Structure formats: C-alpha cells, structure tokens
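> Predicted structure and sequence below. I'll ask about it afterward.
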Amino acid sequence: MSPRLVSFTALLLLALAGPASGAAEDRSAGIPIKDLGRIEGWRGNALVGYGLVTGLAGTGDSPRNRATRQSISNMLAQFGMYVPADQVQSRNAAAVMVTATLPPFARAGDRLDVTVTSIGDAKSLLGGSLLLAPLRGPDNQVHALAQGAVAVGGYQYELYGNLQQKNHPTVGAIPLGATVERAVETRVLSENGTLRFVLADPDYTMADRIAGAINREGAGTARANDASTVEVAVPRDANLPALLTRIEAISVVPVQRARVVINERTGTVVAGGDVRVSMVTISHGELKVSITTDYLTSQPLFVRGLAPDVRTTVVPSTRVEVAEGGARTLSLPGNNTVADLVAALARVKTSTRDTISILQAIKAAGALHAELVIQ
C-alpha cells in the first residue's frame, strides 16, 4: 500500500471518528457558540478609495494613461501650481485603488490595514508611497484616510527584453496605513430588546441545540426562528457585554453532517459525519497509455557545404505503448462507512484519484448517502 493512500485512509478514519448525528450530547466534546456563528450586526464594512502612489523608479504609469496625468495635475493645483495634464510625462507615479475593511466597534483614531492595487499600466509599485487618500463606504461618506509607504512582496525588472519578476509587484499593502475618521454604529440589540445569533452553517437541528443550551444556562429566553437564526430575549436590567460573554462561552455539540468533499485538483477526499454506503458492487479496470518521444540528430558531416539546403535536422522518434490491466471487482455488504470502502479499495491498491472517481460513481448510483461536494 502506498504511503499516500495510507495517509488518505487515516484522514478519512479521523474525519469519521466522533458521535453520530443521533447520539446524545457530550458536553466535553462541545464547541463554544461563538465558533459556530456570529451575533447579527457584528460585521465588517468595506471601504474603497482612489489615490496616487509616487516615488516609483520609472515603473509607474506611462504617459498613455490620461487618468494618472490628470490626477497629478489636480494634485499640484491644490498646492498652487498649475501644470496642464498633457505636459505631465512622469513615470514615477501610478494610479491605484485603495481598499480596507472597517471592523465593528471601530472608533475614530483606530488604525486599519490597507491594500493598494494598480489600475493603470504600472509595472511595479516597489518603493512607492501612497499620498493621502480618502476611503469611502457604501454610504459615500469618508470613514478613513490612508497614507504611507507601500510594502510590495515582489519585484519586476526588465531591460532589452529580459524580464525578472517575483510574486505580483502591482499589488501592495500598508500595515496600519489608514486612520479611522468616522465610526460606523454597530447595534447588536434590536428595538424590541432581542438579539439574534446567526449560524455560519444553517441547520435546524443545530439552531434548536443552541437555543436549548442558552435556555439551560439561563442566559435569556432563546428560540430558533429558522435554520440560520436563534433569537434571544434579553432582560431589561441585563448587562449586555456580560450576557454576550456567557452566551458565547456556552458549549454545544455540533451536528455531524453527512458530507463528502472532493478536490479533484489535489486528489483530496474528506468525509464528515457518519457517512454510510449501501450494498454496492464495484468493477474497476485500468488502461495505461505511455507515449515516449526520442529526438535524434541527423548531422551530415561528409556532405556539409556541397549544397545550400544541407543542414542539421532533429528527427523525433515516437513510441506508443498501451497496457490494459484486468478489471478488479469489489463487493461490499450494506451499512458500510466511507472508511470501510476506502480500506477495501486500499487492499486492492487503488490510487487516490481512482477512489475519487469511484465515489462519484457510487453517488450517481444512489448508494452513497451523503452530500457530495466537488471543489
């Protein structure tokens, strides 16, 4: 058995270990509620702005970029210097878009990380510095101001057709490069005195378990509205931060979903929950096609110079070999898990990618009782 297949089987066995979906809750195996979702209203807010990066060593936007030339002209005009846009020929500046995320409960004066991306034909932002750029939210209000040296984890140098590049030099970052000027009000308590917990993975059973756990702990009166939200009635005299701390710390046993995730690009299969496979018979054949090409050089040493069309020629020699192995048949009784199936396939030395194809075929046949997710 190959080491890759052994590790793959062990991964599936580890994923399948744990309580079944109908098993009783074990508090020692619980997960804090805060890791299963979020309080409604607790969210980040996207900010975006336009700016100029200057100080580039000839790697900025070319004169063909009219937006960059106009931006430089407008910037100089603010300092009392009028330069027509058509006379701006500098390649040391680049037009960029600036993005950031305003977290909940941010206050004026807080610092944010900033991402800077080129929107022109600049070759690199290495060594540049972002000039003061306002960042606006969806409400078109300025919520932060960004400025600072751009950190680029790469480079690009080109001369006479020779190009050396590392990573992506037209995208950079400014750690803590923006200052919050206007905060966004974050409200977690509704007008009727309730708060809502939103599940990251909607599930009716999970919502009911969370509501029941909150009621048992006496952290308010909770009920599941639907598969994604749990509504908690907050007492009038309750200390909201302390109450939220109690709710987030409550442990709940998560629901084990019958799901098999397949990544065909990397050949990875992960099964979660108590995934069952009905009685099935698998017949798997193997066809191998090998194409080998050798390049032989024909060098006419004795006739060189006798004719203008006599020259060295590279002649390819190709061999095609086809080998067809016998089909392997595997039968499994009913009520098996995916781990049992993979262990049986490992005994007949089935590769990981063949195992993925077999799982897809079993799902199509209706014998795999789980959701099949192909990435």
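Noted; the coordinates are in hand.

> where in the stretch 1-150 of the chain is pLDDT low?
Where the stretch 1-150 of the chain drops to pLDDT under 70, the residues are 1-29.

> Domains of this structure: list them as residue ranges, please.
26-41+187-252, 45-180, 259-292+320-374 (automatic domain parsing).

> Using a markdown table, lay out the ones you listed together with distance to Val314 and mean neighbour count.
Any C-beta I mention is one placed from the backbone N, CA and C, and that applies to glycine too. Shown next, in a markdown table, are the domains of the chain (distance: least, Cβ to Cβ, whole Å; neighbours: other Cβ atoms under 10 Å):
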| stretch | distance to Val314 | mean neighbour count |
| --- | --- | --- |
| domain 26-41+187-252 | 58 | 16 |
| domain 45-180 | 26 | 17 |
| domain 259-292+320-374 | 16 | 15 |
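
> With distance to Thr313 added, can I get those in TSV?
Shown next, in TSV, are these (distance: least, Cβ to Cβ, whole Å):
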stretch	distance to Thr313
domain 26-41+187-252	64
domain 45-180	29
domain 259-292+320-374	20
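
> Checking my notes, Met81 in a helix, right?
No: per DSSP: H, G, I helix; E, B strand; the rest coil, Met81 lies outside any helix segment and is coil.

> Roughly how far does it sit from Asn239?
Using Cβ to Cβ, to the nearest Å, Met81 is found at 58 Å from Asn239.

> Tell me, please, where in the stretch 151-300 of the chain the pLDDT is lower than the cut-off.
Using pLDDT under 70, the flagged stretches of the stretch 151-300 of the chain are 157-161, 163, 165, 272-273, 284-293, 295, 297-300.

> again, 50 this time
For the stretch 151-300 of the chain, no stretch is flagged by pLDDT under 50.

> And the strands in it?
For the stretch 151-300 of the chain, the strands defined by DSSP state E, counting those that start in this stretch cover 155-159, 162-166, 171-180, 194-199, 221-224, 229-233, 251-252, 259-263, 268-272, 276-277, 280-298.

> closest one to Val48 among the ones you listed?
strand 171-180 (11.5 Å; Cβ to Cβ).

> I'd like to know which elements the closest one is packed against.
strand 93-102, strand 111-118, strand 129-136, strand 142-149 (3 or more Cβ pairs under 8 Å, 6 or more residues apart in numbering; DSSP states H and E).

> what do you get if the cut-off is 6 Å, keeping everything else the same?
Contacts defined by 3 or more Cβ pairs under 6 Å, 6 or more residues apart in numbering; DSSP states H and E place strand 171-180 against strand 111-118, strand 142-149.

> Direction included, what does the first one pair against?
The strands that strand 111-118 pairs with in its sheet are strand 93-102 (antiparallel), strand 171-180 (antiparallel) (by DSSP bridges).
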